[in-house]
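1. Just the structure for this:
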Amino acid sequence: MEVKALTKFARMSDKKVREIVRQIQGRNAAEALEILKLVPRKSARLVAKTLSSAIANAENNNGLSAAALTIKSAIVNQGVAFRRFRPVARGSAHPFKKRTSHIQIVLSDGK
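-> I've put the predicted structure just below:
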């Protein structure tokens, strides 16, 4: 059985989150959560929050144990980019983007 969790509009660039997600692909869910707790990055905290939500969905909604779950897929998509402007010389402004991402984690019990 598959269980999903989705975090939308996470205030972090999708490239930065994908670096962390690549490390946990195919691992046991509990083991991946322990790995994420040791990584000192904001993106690791966002992925850990989504992973713990997926584990909670599996336990509460489907009655599965956390020890039997593996990460089937972890996908990070680009979200909307908030457009902001920074003042520069001579009274003009340069645009820049504050990027967001959507994190989707799918857990499977192997059946």
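2. what helix or strand is Val17 on?
-> Following DSSP states H and E, one finds Val17 within helix 14-24.
3. For that helix, buried residues please.
-> Buried residues in helix 14-24, counted by 16 or more other C-beta atoms under 10 Å: Asp14, Lys16, Val17, Arg18, Ile20, Val21, Ile24. C-betas here are computed from N, CA, C, even on glycine.
4. okay, now the closest residue to the last one other than its chain neighbours: neighbour count?
-> It refers to Ile24. Excluding the flanking residues, the one nearest Ile24 by C-beta to C-beta, 6 or more residues apart in numbering is Ala32, at 4.0 Å. By the criterion of other C-beta atoms under 10 Å, Ala32 has 25 neighbours.
5. which other helices and strands contact the helix ranked longest in the chain?
-> The longest helix of the chain (DSSP state H) is helix 42-62. Helices and strands touching helix 42-62, as assessed by 3 or more C-beta pairs under 8 Å, 6 or more residues apart in numbering; DSSP states H and E, comprise strand 2-10, helix 14-24, helix 29-38, strand 93-108.
6. ok, and what's touching that helix?
-> Residues outside helix 42-62 that contact it (C-beta atoms under 8 Å, 6 or more residues apart in numbering): 1, 3-7, 10, 12, 16-17, 19-21, 24, 29-30, 32-33, 36-37, 64-66, 69, 71, 74, 103-107, 109.
7. Can I get the buried ones among those as something I can paste into PyMOL?
-> Restricted to buried positions by 16+ other C-beta under 10 Å, the PyMOL selection for those reads:
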select buried, resi 3+5+7+10+12+16+17+20+21+24+29+32+33+36+64+66+69+71+74+103+104+105+107+109
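8. if I look at the residue lying farthest from the centre of the chain, how far off is Thr100?
-> Most distant from the centre of the chain: Arg90, at 40.8 Å, with distances by C-alpha atoms, centre = their mean. Going from Arg90 to Thr100 by C-beta to C-beta, to the nearest Å gives 31 Å.
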